[in-house]
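1. Here you go, sequence then predicted model.
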Amino acid sequence: MRAMVIRVPSLPNGRRVAKVEGHGLIGWAILEKDMSAEAAAEMEEMIQHTLDAGGWSQNWDWAMALMMTTAQQVSTA
C-alpha cells in the first residue's frame, strides 16, 4: 500500500483537505497555500510508516460487497 500527500491549487466546495483513496493508495490532497512541500513530504512519510506497520489498511472486497448489497436493496425497494 502506498501513501501520498498531494499539494493542489484548489479543491471543490471550498475544502482545504480531501481524502484521496484508490486500490493500494491512501492519502490526502491539501491546498498548496496551507502546507509547505517539506511538511507534505514529512506527513507522507508518517502515513507510510503507519501503513507499513499495519495500522491502516484497505478492504476493497468488503467495501465492494457492501456497495453491491446496498445497490440490490435500493433496486428492490
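-> Thanks, I have the structure now.
2. Burial check on Trp56, number of neighbours?
-> Neighbourhood size, Trp56 [other Cβ atoms under 10 Å]: 13. For glycine as for every other residue, the C-beta is placed from the backbone atoms N, C-alpha and C.
3. what do you get for Ser10?
-> Number of residues near Ser10 (other Cβ under 10 Å) recorded here: 10.
4. what's the answer for Ala18, then?
-> Ala18: 15 surrounding residues under other Cβ under 10 Å.
5. List the contacts of it.
-> Ala18 makes contact with Leu11, Pro12, Trp28, Ala29, according to Cβ atoms under 8 Å, 6 or more residues apart in numbering.
6. Which one of the residues you listed sits in the busiest neighbourhood?
-> Trp28 (19 neighbours).
7. which residues in the protein form helices?
-> For the chain, the helices defined by DSSP state H occupy 37-52, 60-76.
8. any idea which of these scores lowest on pLDDT?
-> Mean pLDDT values for these show the minimum at helix 60-76, a mean of 57.
9. measure the nearest residue to Glu45 once chain neighbours are set aside to Lys19 for me?
-> In space, and not counting its chain neighbours, Glu45 is closest to Ala3: 8.0 Å by Cβ to Cβ, 6 or more residues apart in numbering. Counting by Cβ to Cβ, to the nearest Å, the separation of Ala3 from Lys19 is 12 Å.
10. Over to Ala41?
-> 19 Å.
11. Next: Gln58.
-> Using Cβ to Cβ, Gln58 is found at 12 Å from Lys19.
12. ok, now Trp28?
-> 6 Å.
13. Neighbours of the nearest residue to Gly24 once chain neighbours are set aside, how many?
-> Leaving aside its sequence neighbours, Gly24 sits nearest to Met1 (Cβ to Cβ, 6+ apart; 5.6 Å). With neighbours defined by other Cβ under 10 Å, the count for Met1 comes to 14.
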